[in-house]
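Novice: sequence-free structure coming up:
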C-alpha cells in the first residue's frame, strides 16, 4: 500500500485498485486501463502476493511477487500513472528465462524510490524453490534461493542498472523491511530472513543448537548520492524478525517500525507455530532530519531492550527468562539487588 495526495492505494494484481481516502476515511474502487496493444501480465485467477511497491512523482511502481502459477516469483515491472489511471508494462515477465541485464524472478525483495536520483531500487529477495518442488515446476530445489544483487531503474532513461554494493552493506536476505526517508535522504533496511543461512546458538549449560536458517535484527542505511551503505550501531533494537513494516512520516520525518514475525525456535515464544509481533519502534539517526537527541547517549544502557533478550538492571547482563519488576513501572527489568536504584530512577513503587 502506498500513499499519494491524501489517498492510500492498495494493489492486488488486478486492474481495479482499492483506495482509502485519508481525509474522509472512506474506501472506494479505482478502475484503471493499460496501454493499447499491451496484455495484462498478471494471472487473474489468483491474488498477487509478496510484491513490492513505490511511488515517485505521480506514478505507482510495482515489482515482483507470486501468484498461484509462479512459485519462483516474477520480475514483472509495472507503472501506474495515478493522474491518468493508466498502466505501463516497463519490463519483465513470469517466464523462466535467465536474465543478465535486469533482475531475475523473485519475491519479497526490498524496494524504494529516490526522488533526487530519479531511480527505483530493488535489493535482494528470494525465489521460492521449495514451493516449486512441491508443484513439480521448473527451478525446484530443496531450499529457497536468496538473491545477493542490487538493482536500480532509471525512471527517465527507462533502463535497469546493476548497482555495486559498497560500504557496510547488509548480507543477502529476504522479507526485510525497507523505506526511503526523505528527511535524511537515506534508505533504511531492517531485519529479514535467510532460508539457507546456518546459525549456531551457543549455550552455556546444554548442547549447542544449529539452525538451517537465520532471522536478522540489524539496521542499515543507504546513501543513493554517494552509493554507500552504513551499518547502524544501536544500544537497543527490536527483536530478530522478518516481514515487518517500516514507514517514514512525510510530515515529521520520523521512521516507525511495526510488527513482523520470527520462528519460535530462533526466539522463544509461547506458541509453536510462529511468534508474531505487534510492537512499534522509532528509529533515530545521527543525521540531519534524523530526530537525533544527544541526551539519548546518557540513558542508562541497562534499561535498553536487546532484541529478544532482557537486561538485568543490576549488572546489565542479558537473558531470556530474567524476572521482571512487578511494580508500577509495568515490567522494567529489576532484580532485587537493583530495586532501590530502579525505584529512584524510574519512580517505581510496589503495588
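Specialist: Yep, that arrived. Please read all numbers here as calculations on a predicted model, not as lab measurements.

Novice: Do you have the helices of the stretch 51-200 of the chain handy? List them.
Specialist: Remark: helices assigned in the stretch 51-200 of the chain by DSSP state H, counting those that start in this stretch are 129-134.

Novice: Give the residue spans of it that score low on pLDDT.
Specialist: By pLDDT under 70, the stretch 51-200 of the chain contains no weakly predicted segment.

Novice: who does residue 62 bridge with?
Specialist: residue 53, residue 78 (DSSP bridges).

Novice: Which residues does stretch 26-43 contact?
Specialist: Under the contact criterion C-beta atoms under 8 Å, 6 or more residues apart in numbering, stretch 26-43 has outside partners 9, 13-21, 48, 67-70, 76, 78, 80, 85-89, 92-94. Quick note: C-beta positions are derived from backbone N, CA and C, even for glycine.

Novice: Would you list the buried entries among the residues you listed?
Specialist: 9, 13, 15, 17, 19-20, 48, 67, 70, 76, 78, 80, 87, 89, 92, 94 (16 or more other C-beta atoms under 10 Å).

Novice: Which of those residues fall in strands?
Specialist: 9, 17, 19-20, 78, 80, 87, 89 (DSSP state E).

Novice: and the residues you listed as TSV, adding distance to residue 340?
Specialist: As requested, those are exported to TSV (distance: C-beta to C-beta, whole Å):
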residue	distance to residue 340
9	55
17	59
19	57
20	51
78	62
80	61
87	65
89	67
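
Novice: And the furthest pair within those residues?
Specialist: Distances among those were taken as C-beta to C-beta; the most separated pair is 20 and 89, at 25.9 Å.

Novice: Could you look up the SS state of residue 296?
Specialist: Residue 296 carries the three-state label helix when classified by DSSP: H, G, I helix; E, B strand; the rest coil.

Novice: who are the neighbours in contact with it?
Specialist: Residue 296 sits in contact with residue 284, where contact means C-beta under 8 Å, 6+ apart.

Novice: State the distance from it to residue 286.
Specialist: Going from residue 296 to residue 286 by C-beta to C-beta, to the nearest Å gives 9 Å.

Novice: And for residue 105?
Specialist: Relative to residue 286, residue 105 is positioned 39 Å away (C-beta to C-beta).

Novice: higher neighbour count, the two?
Specialist: Between residue 105 and residue 286, counted using other C-beta atoms under 10 Å, the more crowded position is residue 105 (27 against 12).

Novice: can you count the residues close to residue 275?
Specialist: 22.

Novice: Bridge partners for it, pull those for me.
Specialist: Under the criterion DSSP bridges, residue 275 forms beta bridges with residue 262.

Novice: now swap in residue 174 and tell me
Specialist: In beta-bridge terms (that is, DSSP bridges), residue 174 pairs with residue 193.

Novice: how about it, what does it touch?
Specialist: By C-beta under 8 Å, 6+ apart, the neighbours of residue 174 are 107-109, 124-126, 144, 146-147, 192-195, 242.

Novice: where exactly do the strands run in the stretch 51-200 of the chain?
Specialist: 52-56, 59-63, 77-81, 86-91, 110-114, 119-123, 126-127, 145-146, 150-154, 159-162, 177-181, 186-194, 199-201 (DSSP state E, counting those that start in this stretch).

Novice: could those strands go into a markdown table alongside distance to residue 282?
Specialist: Below are the strands of the stretch 51-200 of the chain laid out as a markdown table (distance: least, C-beta to C-beta, whole Å):
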| stretch | distance to residue 282 |
| --- | --- |
| strand 52-56 | 22 |
| strand 59-63 | 27 |
| strand 77-81 | 31 |
| strand 86-91 | 35 |
| strand 110-114 | 19 |
| strand 119-123 | 23 |
| strand 126-127 | 28 |
| strand 145-146 | 29 |
| strand 150-154 | 27 |
| strand 159-162 | 33 |
| strand 177-181 | 12 |
| strand 186-194 | 12 |
| strand 199-201 | 28 |
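
Novice: Nearest to residue 254, out of those?
Specialist: Comparing the strands of the stretch 51-200 of the chain under C-beta to C-beta, the one sitting nearest is strand 177-181, at 9.1 Å.
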